[in-house]
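Enquirer: Build me a structure from this.
(one chain, ligands or ions: 2)
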Amino acid sequence: MEMRSNHAKLQVHSLTKHFGDLGVLVDVNLSVENGYFVSVLGPSGCGKTTFLRIVGGLESVDAGEIVIDGHPISGPGRDRSFVFQMDSLLPWRTVWENTVLGLEISGTVSDDKDRAMALLKLVGLSGFERYYPKQLSGGMRQRVNLARALAVNPEVLLMDEPFSALDAQTREVMQTELLRIWENGRKTALFVTHQIDEAVYLSDSVVIFARRPGRVQEIVRIDLPRPRPLSIKRTPHFIEYVDHIWKLIEKDVTAPSNVCG
Ligand SMILES: Nc1ncnc2c1ncn2[C@@H]1O[C@H](COP(=O)(O)OP(=O)(O)O)[C@@H](O)[C@H]1O
Ligand SMILES: [Mg+2]
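Expert: Ligands and ions are numbered 1, 2, ... in the order given. Below you'll find the model as predicted:
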């Protein structure tokens, strides 16, 4: 069933970004193959969000380029969609109205209505179409965000710590849900997190960012079978990956300059 053609969907070439004197990202290079799930992992302040915003075309660069399907990007586009860290649903819109927001912008709601409904079903929200965000739990709201991001049928799905506001149990459930949803279509995915176990569980490879300046320290390929039940987190192979990555980032995380952000 697994059909993933081996070409680079997303390429990042020599990316450098400063905010004033602060070198946030320096010479970041990355290639993500079509249909792969890649996490960017690193401590707070290492430039993960900045990196993802640049890939999303929301932030300018000092040097380097982002290439999708061979074409350099020059701003935001329908080929990429975002799931943000914070709750980004419009509170005055229902679940359905939030889900089709991107389709309204592109004027394709009637064409894509069936797919949007199938997506709401896929994320487990059939029957909640008329609910408002305030009537939903945090996990449900992030399901709507996921449905909204997928509704435009993007080439690349960008996620910035989408589960960070959830309690630990809901977060684990949402990780398995995300994998289940992702297996259904296998979008190329770039997922930002500072949680090692989340990155290992979800990913085909984990890109470890180091801080000050943000740069790629190492890329760890995660060779675990899919689909992955939550119980895989208790296997020796999984724990070896977590230990290996922890050793790589330990110094960075425990450095006194570390601040929450
Ligand atoms: N718009 C901005 N202006 C100035 N500095 C910023 C801006 N956005 C982020 N930074 C700084 O860039 C660094 C990286 O931030 P960020 O990309 O949010 O890191 P992360 O998501 O890994 O926590 C931090 O030191 C942060 O303070
Ligand atoms: Mg961030």
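
Enquirer: Which positions within stretch 177-194 qualify as buried?
Expert: 177-179, 181-182, 186-194 (16 or more other C-beta atoms under 10 Å). Quick note: C-beta positions are derived from backbone N, CA and C, even for glycine.

Enquirer: now do stretch 112-126
Expert: Within stretch 112-126, the residues that count as buried by 16+ other C-beta under 10 Å are Asp112, Arg115, Ala116, Met117, Ala118, Leu119, Leu120, Leu122, Val123, Leu125.

Enquirer: hey, where'd the strands end up in this protein?
Expert: Counting by DSSP state E, the chain has strands at residues 8-19, 22-33, 37-41, 63-68, 71-72, 80-83, 156-160, 188-193, 205-210, 215-221.

Enquirer: and of those strands, who's closest to Asp167?
Expert: Asp167 lies closest to strand 188-193 among these, at 16.0 Å (C-beta to C-beta).

Enquirer: ok so, going back, quick one, which of the strands of the chain gets closest to Tyr131.
Expert: Minimum separation from Tyr131 across the strands of the chain (C-beta to C-beta) falls at strand 80-83, 19.0 Å.

Enquirer: Give me the residues contacting that closest one.
Expert: Contacting residues not belonging to strand 80-83 are listed as 52, 55-57, 68, 73, 102, 142, 145-146, 148-150, 152, 154-160, 162 [C-beta atoms under 8 Å, 6 or more residues apart in numbering].

Enquirer: how many other residues sit next to Tyr132?
Expert: 16 (other C-beta atoms under 10 Å).

Enquirer: Is it correct that it is in contact with Glu97?
Expert: No - under the criterion of C-beta atoms under 8 Å, Tyr132 makes no contact with Glu97, lying 9.3 Å away.

Enquirer: neighbours around Ser205, how many?
Expert: Neighbour count of Ser205, defined by other C-beta under 10 Å: 17.

Enquirer: so it bridges to which residues?
Expert: Val38, Arg221 (DSSP bridges).

Enquirer: if we can go back for a sec, what's the most distant pair in the buried residues of stretch 177-194?
Expert: Pairwise distances among the buried residues of stretch 177-194 were taken by C-beta to C-beta; the largest, 25.0 Å, belongs to Arg186 and His194.

Enquirer: thinking again about what came up before, wait, which of the buried residues of stretch 112-126 is closest to ligand 1?
Expert: Ligand 1 has its nearest neighbour among those in Val123, at 25.1 Å by C-beta to the nearest ligand atom.
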